[in-house]
Structure formats: C-alpha cells, structure tokens
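Student: Need a 3D model of the following:
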Amino acid sequence: MSLFDRYLSLWVALCILAGIVLGSLWPGLFQTVAGWEYASVNLAVGVLIWAMVYPMMVAVDFASLRHIHRRPKGLVITVVVNWLIKPFTMAALGVLFFEFLFADVIDPADAGQYIAGLILLGAAPCTAMVFIWSQLTRGDPNYTLVQVSLNDIIMIFAFAPIVALLLGVTDLQVPWETLLLSVLLYVVIPLAAGAATRAALVGKANNGSGGEVRVARFIAAVKPFSILGLLATVVLLFGFQGHVILDKPLLIGLIAVPLLIQSYGIFAIAYAAAWAWRVPHNIAAPCALIGTSNFFELAVAVAIGLFGLNSGAALVTVVGVLVEVPVMLSLVAFANRTKRHFPDTADAANDSTPPLHPQEARR
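Tutor: Below is the predicted model:
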C-alpha cells in the first residue's frame with residue numbers, strides 16, 4: 001500500500017476542511033457548480049464519479065459473469081439487508097430519536113420531517129460510490145456490478161411502495177428522471193467505457209494471459225485518478241453544503257446520531273452474516289458496504305419534491321451526504337483489517353465457486 005493510500009483518511013479530512021473553507025470564501029463559485037445539474041443529478045459530481053469507478057469497470061470480466069449464479073450468498077445477503085431490514089430499522093431509529101430521545105430539543109412540528117428524511121435515505125441503497133468502496137477493499141468487480149445492478153432493478157419496483165408505506169402517503173411521485181439518469185451515468189456509461197477499454201487492451205495482446213497483464217497494468221496506471229476523483233468529490237460536497245454545518249451545528253449533530261447508528265449497525269449485520277456464512281472477503285466487504293451507503297441523489301430529489309427545498313426532510317438527506325464519506329472510510333479500514341477472518345476465494349471454490357480468474361489470483 002502506497003503512502004498516499006495508507007493515509008487516505010487524513011487526505012479526506014483535509015478535503016472536508018478545504019471544502020468548508022472554500023465554500024465559505026467563494027459561495028458563488030460553488031453555487032454555480034451546484035447549478036450544473038439535470039433531474040437533481042449534479043453533472044460535475046457525475047464526472048468525478050466516472051473517474052472513481054472507471055478503473056473498476058475496466059476490471060469487470062463479462063465472461064466470468066455467467067458463473068455468478070453459483071455464488072448466491074452475497075446476493076441473498078444484499079437483498080435481505082437492503083430491502084427487508086434497512087428501510088425499517090432507519091424508520092424505527094427516526095421515531096425513537098426524534099419523537100422520544102430528542103423530543104425536548106426538537107420542535108415537534110419538525111420531527112416528522114426529520115423522520116421522513118431518514119426513511120428516504122434508508123430506502124435507497126447506493127448505486128455509484130459503492131464501486132470506489134469495493135475497489136478500496138479489493139472487492140470482486142464482477143460480483144459488485146451484479147449486486148449493484150440487482151439493487152437497481154429492485155429499487156425501480158420497491159422504492160415507492162416502501163417509502164409510501166413508511167411515510168403513510170399514497171400519492172408518492174417517484175422522480176424517474178433522477179433514478180434512471182443516475183443508473184445511466186453511474187453504471188451504464190462507465191461500464192461501457194470500461195468494457196471498450198478492456199476489449200482494446202486484450203485485443204492488442206497475443207494471448208489471454210498477455211491481455212490480463214495489460215489490463216492489470218492499465219488499472220494500476222489509472223487508479224490514482226480514482227482516488228483524486230474521490231477527494232475532489234469530497235471538496236465539492238462540503239463546499240456545497242458546508243454552510244449548513246456552520247449555521248446549525250447542534251441540529252446537524254442530532255440528525256447525524258441516528259444516521260451513524262444505522263450505518264454502523266447495517267454494516268455489522270451484513271458483515272457478520274457474510275462471516276457466519278463463510279462468504280469470501282472480496283464479496284463480503286462490498287456486500288456490507290452497499291447496504292451501508294445510500295443513493296443520495298434519489299433521496300434528495302424525493303425529499304425536495306415531497307416536502308420542499310428548505311424542509312427538514314431535505315436537510316436530513318443533505319446531512320446524510322456529509323456523514324457518509326468519513327463513515328465509509330472507517331468501515332473500509334475495518335474491513336481491510338479483518339480480512340483474515342474470512343475465507344479467501346480459493347476456499348470458496350469448495351462452495352461451487354468457479355475457478356479463480358487470473359487477475360483475481362494475483363491479488
């Protein structure tokens with residue numbers, strides 16, 4: 001691990017501070033960049049996310065996807081945690097904290113809005129950033145792609161009914177443009193670019209192993225841009241919303257409490273289930289991290305559409321953005337330190353797993 005990778009948390013902390021300072025010094029600049037959006041998807045952040053996920057997309061080997069069905073454990077955990085547990089624990093934590101534990105310090109008129117914001121976050125598992133978390137834990141790129149794709153398909157059908165059930169509303173309007181554009185920007189386009197790059201690299205080689213060597217070298221060369229994309233995204237996000245932290249620090253801290261408990265709790269459930277079920281680490285870590293992070297573009301768009309731009313629900317979804325990166329980095333570090341407690345991919349071969357891909361074997 002390079003010095004830069006080893007102290008990634010420090011660089012992220014510095015970028016958070018830089019974002020808050022720059023956002024305070026030049027708010028007009030960040031407002032202009034924040035305005036570069038379509039269907040609540042910021043295009044500048046979209047480009048940076050491309051930089052983050054592109055190396056992992058190059059690593060995706062479509063030939064190996066046909067064997068994914070032989071390893072269903074990671075998919076089962078992802079579906080159960082994301083759709084049968086996460087939305088309901090998030091709603092329960094919202095009621096517990098904002099209707100009981102924080103009742104003396106929160107305006108009762110605002111409590112429902114805060115609970116609604118938490119529900120919107122809990123019902124939308126991550127689509128884009130999970131690729132960078134998977135890469136940082138050396139996750140299986142093929143399996144991560146399938147996990148994210150499966151979640152996206154379920155989200156199309158389950159997001160509106162779950163949110164409507166938990167919010168008690170029946171006329172929920174799903175922002176389909178945001179949902180579909182996000183999938184196109186963060187999954188389809190980077191995947192197509194990665195597949196084209198991989199085909200070109202393998203095509204230039206004389207044999208399969210030579211092609212994999214070229215792919216591995218290319219990924220190593222572009223990986224620094226992935227980390228730089230993450231750091232630039234952190235600067236932008238905190239530049240966009242840093243004033244919220246400075247204006248309402250106590251309220252931000254109160255909202256962050258249930259979000260932190262939910263994030264670490266969901267990760268613990270999924271990671272422990274994967275450990276107990278002897279899921280290989282390169283599947284277990286991304287599996288747990290998908291449920292922990294959220295699809296913020298969708299949650300923010302629905303919160304604004306249902307409750308308004310300056311609503312408490314919209315504020316909660318913004319706080320979710322602010323706390324996610326530090327939380328996810330801490331969980332990435334934990335997952336990497338506990339890797340030895342999981343079976344490796346070779347052990348999983350005894351569980352009907354297809355033989356290792358050459359690139360995976362070199363890891």
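Student: residues of the strand or helix carrying residue 272 that come out buried?
Tutor: Under the criterion of DSSP states H and E, residue 272 resides in helix 249-276. Judged by neighbour count (16 or more other CB atoms under 10 Å), helix 249-276 contains these buried residues: 251-252, 254-256, 258-259, 262-263, 265-267, 269-271, 273-275. Glycine gets a C-beta too; all of them are placed from N, C-alpha and C.
Student: do the same with stretch 307-326
Tutor: Applying a neighbour-count criterion of 16+ other CB under 10 Å, one finds 307, 311-325 buried in stretch 307-326.
Student: Next: stretch 143-159.
Tutor: 143-152, 155, 159.
Student: same check, this time on stretch 75-90
Tutor: Applying a neighbour-count criterion of 16+ other CB under 10 Å, the buried positions in stretch 75-90 are 75, 77-79, 81-83, 85-90.
Student: Likewise for stretch 106-126?
Tutor: Result for stretch 106-126 [16+ other CB under 10 Å]: buried residues 106, 111-126.
Student: Need the pLDDT of residue 308.
Tutor: At residue 308 the predicted local confidence, pLDDT, stands at 67.
Student: residues near residue 137, how many?
Tutor: Here the number of neighbours of residue 137 (other CB atoms under 10 Å) works out to 22.
Student: Let me see the contact set for it.
Tutor: By CB atoms under 8 Å, 6 or more residues apart in numbering, the contact list for residue 137 reads 281-282, 285-286, 289, 332, 335-336.
Student: got the phi/psi numbers for residue 105?
Tutor: When quoted as degrees, to the nearest 10, the phi and psi of residue 105 stand at phi -120, psi 0.
Student: Give me the pLDDT for the closest residue to it other than its chain neighbours.
Tutor: Leaving out its chain neighbours, the residue that sits closest to residue 105 by CB to CB, 6 or more residues apart in numbering is residue 254, at 6.9 Å. At residue 254 the predicted local confidence, pLDDT, stands at 94.
Student: roughly how far apart are residue 254 and residue 168?
Tutor: Spatial separation of residue 254 from residue 168 under the definition CB to CB, to the nearest Å is 23 Å.
Student: now residue 23
Tutor: Between residue 23 and residue 168 the computed distance is 36 Å (CB to CB).
Student: Tell me which of the two has more neighbours.
Tutor: Legend: neighbour count by other CB under 10 Å for residue 23 and residue 168, higher for residue 23 (25 against 8).
Student: Please list the residues outside the helix or strand containing that one that contact it.
Tutor: With elements taken from DSSP H and E, the one containing residue 23 is helix 8-25. Applying CB under 8 Å, 6+ apart, the external contacts of helix 8-25 come out as 4, 29-30, 136, 227, 230-232, 234-243, 245-246, 325-326, 329-330, 333.
Student: how far does it sit from the chain's center?
Tutor: The gap between where helix 8-25 is centred and where its chain is centred comes out at 20 Å by CA atoms, centre = their mean, to the nearest Å.
Student: Rounded mean pLDDT for it, please.
Tutor: Helix 8-25 comes out with an average pLDDT of 85.
Student: Can you tell me how far the closest residue to residue 130 other than its chain neighbours is from residue 55?
Tutor: The shortest distance from residue 130 to any residue other than its chain neighbours is 4.9 Å, reached at residue 290 (CB to CB, 6+ apart). Shown here: residue 290 relative to residue 55, a distance of 18 Å by CB to CB.
Student: quick one, which of the two is more surrounded?
Tutor: Taking residue 290 and residue 55 together and counting by other CB under 10 Å, residue 290 has the greater number of neighbours (30 against 26).
Student: quick one: that one is in a helix?
Tutor: Yes - under the criterion used here (DSSP: H, G, I helix; E, B strand; the rest coil), residue 290 sits inside a helix.
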